[in-house]
Every structure is written in C-alpha cells, then in structure tokens.
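Q: My questions concern the predicted model and sequence given below.
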Amino acid sequence: MSPFLTALIASATILTIILAADLGRRKVTNMRMLRSILAVAIVIALFVHSLPTAGNDVSLQLVGIGAGAICGLIAGALLPAHRDDSGQIYTTGGVGYAVLWIVLSSARVLFAYGTEHWFPQGIIKFSIHYKLSGQDVYANAFVFMSLAMVLARTGVLLARRHRLTAEGQGATAHGRSGEHAGTATR
C-alpha cells in the first residue's frame, strides 16, 4: 500500500474516532478512553509492518513519538473537564480541539501525498542525506505520532478525572464534617 493511502486511512480512522468521542459535552469513561487507544493499536497492527532501525530510522520514529506527545498535551489542554452537580465528570470538545486534530491529520496525509507526487526526488535525497531507510520509517513515524498523541490526550483526561474526583471527594468529606460540626454546636 502506498504511503499516501496508508496515511489517509490511518489518519481518517483515528480522526473520526477521536472527534466522535470528544466533540461536544462528553462523559469521561474508561470505555471512551480505551476505545481511542484500541483504535490506534488496530491502526498500528494494520499499517506498521516493520520497525526499521538502520541509520537514523529510530531517531525519526522517536521524533514522531515526541511530536505526538506534545500535540496530545496541547489537545488535552483544549479539552476542558468539569464535574457536574451529580459528581459525573465531563469534557467539552470545541472548535479549537477539532481544528487541531483536523490540521495535524491533514498535514500527515498531505506530507504522504507530497512524497509521492510533489517532491519524490527531494524526499529521496533527504532520506539518503540523513540515512533514513525509506517509506516505512516515515509511515511508522506518523503512526507512532498518532499513538503518542492519543496516549498523551488520554493521560491528560485521566489526570483531570483523578483531580476532579479527588476534589469532589474532598468537598463531600468537608461538607460532612461541617454538618457534624454544625450539629454538635446546636
């Protein structure tokens, strides 16, 4: 399969699942987070056929992971979380969040398209100069970027849920001790 088709299918799949899970007001559940991670794991299983390690291949794949982690943290920052009156935790994914995912997914697809149609000789020269073994290393870097982005965003959601749950339990415990203190003074 061509790098363009791989990038298109992988990016569209991940983008669709993430936006479906996160846009609007959504309850933070384990299944919601697990579904996103499973989608990326399936994409990896389908599209990562080798793990090139020659030359600077590992470095490029690690750059993909690092860039994905940073982008995932930014995405998490664009996904505010809150606890409602019943104690349930929700996120609200808006336009900024959607635009970030759409721009990054489109950039991966456009780069893959460009390597085949706009600058194939340039990417060959770049690969030779920086000792990159070929299209698999680029495809892997982008798939690993997607995985890292989803994992970082999930980490942010887990941290927020933990913080909001702890705050809720603290408020409940404080409310109870206040009730007991009020009862004792009567």
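A: Okay, I see it.
Q: For this structure, which segments count as helices?
A: With DSSP state H as the criterion, the chain has helices at 3-22, 30-47, 57-77, 95-117, 120-129, 135-185.
Q: residues contacting the residue positioned nearest the centre of the chain?
A: The C-alpha lying nearest the average C-alpha coordinate of the chain belongs to V150 (Cα atoms, centre = their mean; 2.0 Å). The contact partners of V150, taken as Cβ atoms under 8 Å, 6 or more residues apart in numbering, are 14, 18, 36-37, 39-40, 72. For glycine as for every other residue, the C-beta is placed from the backbone atoms N, C-alpha and C.
Q: buried subset of the residues you listed?
A: 14, 18, 36, 39-40, 72 (16 or more other Cβ atoms under 10 Å).
Q: Tell me the one of those residues nearest Q61?
A: V40 (15.0 Å; Cβ to Cβ).
Q: where's A69 relative to P120, distance?
A: If you measure A69 against P120 using Cβ to Cβ, to the nearest Å, the figure is 30 Å.
Q: re earlier: minimum pLDDT in the buried ones among the contacts of V150, which residue is that?
A: For these, the model is least confident at V40; its pLDDT is 82.
Q: Could you tell me which residues make contact with that one?
A: Counting by Cβ under 8 Å, 6+ apart, V40 has contacts 14, 146-147, 150-151.
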